[in-house]
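Trainee: From the sequence below, what's the structure:
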Amino acid sequence: MITMIVGEVANFVAYAFAPAVLVTPLGALSIIVSAVLAHFILNEKLHQLGILGCVMCIAGSIVIVIHAPQERPITSVQEIWSMAIQPAFLLYVGSVVVLVFIMIVHFAPQCGHSNVLVFTGICSFMGSLSVMSVKAVGTALKLTFEGNNQLLYPETWFFVLIVATCVITQMNYLNKALDTFNTAVVSPIYYVMFTSLTILASVIMFKDWDGQNVGSIISEICGFIVVLSGTILLHTTKDFERSSSFRGSYASSSPTLSARLCNGNGEFMKHEENLLPDEAVCFQRQEMH
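Mentor: Residues are numbered from 1 along each chain as shown. Next comes the predicted model:
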């Protein structure tokens with residue numbers, strides 16, 4: 001829990017100093033740190049493909065950092081407000097609100113518990129708006145600490161309200177997704193959708209790619225795809241290792257169960273047809289004695 005809180009605070013600070021195109025994909029590094037710590041501290045085995053996934057995440061992150069755009073200097077929260085009310089971003093916000101409303105009212109009650117894309121889609125769309133608002137609030141606080149008080153402007157508190165609304169909705173449906181579906185399925189899908197939509201929203205609102213050449217943009221997209229592939233591979237192999245460990249522990253416990261059955265008086269198991277082959281032989285021997 002403490003790690004999650006520290007991570008969220010770090011992300012909040014990062015959005016105030018760097019573009020979302022750079023910060024959001026680098027969130028995959030937290031997955032790598034968790035996997036490595038679990039390997040050494042909790043003795044969880046890291047599959048070879050999982051190691052490959054970590055390497056892919058690191059390589060993709062390096063490419064993104066090298067070709068990431070420079071943060072545009074922002075002097076006031078009103079400047080961010082002018083970016084938020086531009087027609088292109090208002091069209092994006094309107095589309096997100098309509099889609100989220102439809103998914104909550106229509107799709108969530110009908111197929112939310114059978115289709116993983118419903119709950120994760122709601123979280124991802126709301127998450128993209130929350131990141132834009134978090135960046136605005138973080139920038140306002142940074143300017144305030146520098147001596148340019150932004151807390152006097154109503155735009156700052158409006159962004160705070162948007163952050164609270166989006167985060168509450170996001171966490172609510174993320175918890176529903178995790179309660180309904182396997183974490184190994186929810187995590188990569190949510191990461192892919194959330195990161196993609198956040199980058200799209202940031203490109204529209206803050207125009208992160210304006211002034212960049214085509215080569216740098218393509219490199220960022222390729223690095224992002226590599227990070228996504230590594231994240232999916234890491235989550236998939238993690239679930240595979242857990243399943244293998246379960247099967248191994250079950251197999252190792254079977255001989256002990258057979259030994260107990262063979263050493264008993266033969267009355268412990270009532271139905272011979274429900275026994276495993278080795279246990280059936282032991283049962284027959286008990287009847288002969």
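Trainee: Low-confidence stretches in this structure?
Mentor: 1-12, 28, 35, 39, 44, 238-289 (pLDDT under 70).
Trainee: Return the residues in contact with the closest residue in space to Cys222 that isn't next to it in sequence.
Mentor: Ranked by C-beta to C-beta, 6 or more residues apart in numbering and with sequence neighbours excluded, the top spatial neighbour of Cys222 is Val63, at 6.7 Å. Glycine gets a C-beta too; all of them are placed from N, C-alpha and C. Counting by C-beta atoms under 8 Å, 6 or more residues apart in numbering, Val63 makes contact with 219-220, 222-223, 226.
Trainee: And Val98, by the same measure?
Mentor: So Val98 contacts nothing (C-beta under 8 Å, 6+ apart).
Trainee: which stretch of helix or strand covers it?
Mentor: helix 87-102 (DSSP states H and E).
Trainee: how far out from the middle of the chain is that helix?
Mentor: On the basis of C-alpha atoms, centre = their mean, to the nearest Å, helix 87-102 sits 22 Å off its chain's mean C-alpha point.
Trainee: How about that helix, which residues are buried there?
Mentor: Within helix 87-102, the residues that count as buried by 16 or more other C-beta atoms under 10 Å are 89, 92-93, 96, 100.
Trainee: Now the buried members of the contacts of Val63.
Mentor: 219-220, 223, 226.
Trainee: Restricted to helices, list these.
Mentor: 219-220, 223, 226 (DSSP state H).
Trainee: Make JSON lines out of those residues and add distance to Ile122.
Mentor: Putting those into JSON lines (distance: C-beta to C-beta, whole Å) gives the following:
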{"residue": "Ser219", "distance to Ile122": "32"}
{"residue": "Glu220", "distance to Ile122": "27"}
{"residue": "Gly223", "distance to Ile122": "28"}
{"residue": "Val226", "distance to Ile122": "27"}
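Trainee: how's this structure carved up into domains?
Mentor: 74-206, 255-288 (automatic domain parsing).
Trainee: ok so, going back, now, among the buried residues of helix 87-102, which is nearest to Ser130?
Mentor: Of all the buried residues of helix 87-102, Val96 has the smallest distance to Ser130: 10.9 Å, by C-beta to C-beta.
Trainee: on that earlier part again, after the helix holding Val98, heading C-terminal, what element do we hit next?
Mentor: With DSSP H and E, the next secondary element past helix 87-102 is helix 108-111.
Trainee: in that following helix, what's buried?
Mentor: Ala108.
Trainee: quick one on the thing from earlier: of the buried residues of helix 87-102, closest to Asn213?
Mentor: Scanning those for proximity to Asn213, where the rule is C-beta to C-beta, the winner is Phe89, at 23.7 Å.
Trainee: pretty sure that closest one contacts Ile204?
Mentor: Yes. Counting by C-beta atoms under 8 Å, Phe89 touches Ile204, with 5.1 Å between them.
Trainee: What segments of the stretch 151-289 of the chain are helices?
Mentor: Along the stretch 151-289 of the chain, the segments classed as helices by DSSP state H, counting those that start in this stretch run 154-180, 183-206, 214-263, 277-288.
Trainee: quick one on the thing from earlier: looking at the ones in helices among the buried ones among the contacts of Val63, which one is closest to Pro69?
Mentor: Of all those, Pro69 sits closest to Glu220, with 8.3 Å by C-beta to C-beta.
Trainee: Please tell me how far that closest one sits from Phe158.
Mentor: Distance, Glu220 to Phe158, using C-beta to C-beta, to the nearest Å: 31 Å.
Trainee: Could you do Ile225 as well?
Mentor: Separation of Ile225 from Phe158 (C-beta to C-beta): 35 Å.
Trainee: More neighbours: those two, which one.
Mentor: Between Ile225 and Phe158, Phe158 has the larger neighbour count (other C-beta atoms under 10 Å), namely 16 against 13.
Trainee: Name all residues that make contact with the more buried one.
Mentor: No contacts exist for Phe158 under C-beta under 8 Å, 6+ apart.
Trainee: let's see 10 Å
Mentor: With contact taken as C-beta atoms under 10 Å, 6 or more residues apart in numbering, Phe158 is in contact with 77, 81, 84, 133, 136-137.
Trainee: doesn't Gly230 make contact with Ala59?
Mentor: Yes. In this structure Ala59 lies within contact range of Gly230 using C-beta atoms under 10 Å: 7.9 Å.
Trainee: All set, thanks.
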